[in-house]
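Novice: Below are the sequence and a predicted model; questions follow.
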Amino acid sequence: MPKKVNKGTYYKYKTKKWFQEHDYFAEYLEKNMRLFINGKIIFVKRDVAGSDGLAMNKKHVVFWQSKLNKDHVAAAVDEFNKFPFPKSEAIERWIMIWTKGNGEPEIIKVPVQ
């Protein structure tokens, strides 16, 4: 497995654990698909609603995307904006940015347009 995939998986796991430690129910939002290309089966994972995961408590629901650094924040915002999220104070979209050596993520809240 490429090193980049390992890092991505690690930070998704770290984000899910962070939410659970903050009294949220958290789960990954990935869809596994099989594509048939030239007679071969290729397995592909796709994020649901542009999100790595979903976290919720009794007050609100958070669709989250985890990132190692700020390099891909604009792409994450663009991906979120492809989906029709309702305007509601109870539903939020967060980008969780983890920097090496920091135990807490930087949270960027993406407003619904």
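Specialist: Yes, it's here. Numbering: from 1, shown residues only.

Novice: C-alpha from now on. contacts and neighbour counts both.
Specialist: OK.

Novice: report the longest helix in the chain, please.
Specialist: Taking DSSP state H as the criterion, the chain has its longest helix at helix 3-21.

Novice: That helix - contacts with which helices or strands?
Specialist: Using 3 or more CA pairs under 8 Å, 6 or more residues apart in numbering; DSSP states H and E, the elements in contact with helix 3-21 are strand 25-28, strand 53-56, strand 61-67.

Novice: make it 7 Å
Specialist: Where contact means 3 or more CA pairs under 7 Å, 6 or more residues apart in numbering; DSSP states H and E, helix 3-21 is packed against strand 25-28, strand 61-67.

Novice: I'd like to know which of these is closest to E89.
Specialist: Each of those has some distance to E89 by CA to CA; the shortest is strand 61-67, at 9.3 Å.

Novice: Mind listing what's buried along stretch 30-47?
Specialist: Within stretch 30-47, the residues that count as buried by 16 or more other CA atoms under 10 Å are E30.

Novice: can you give me how far that stretch is from the chain middle?
Specialist: Averaging C-alpha positions (CA atoms, centre = their mean, to the nearest Å) puts stretch 30-47 20 Å from its chain's average.
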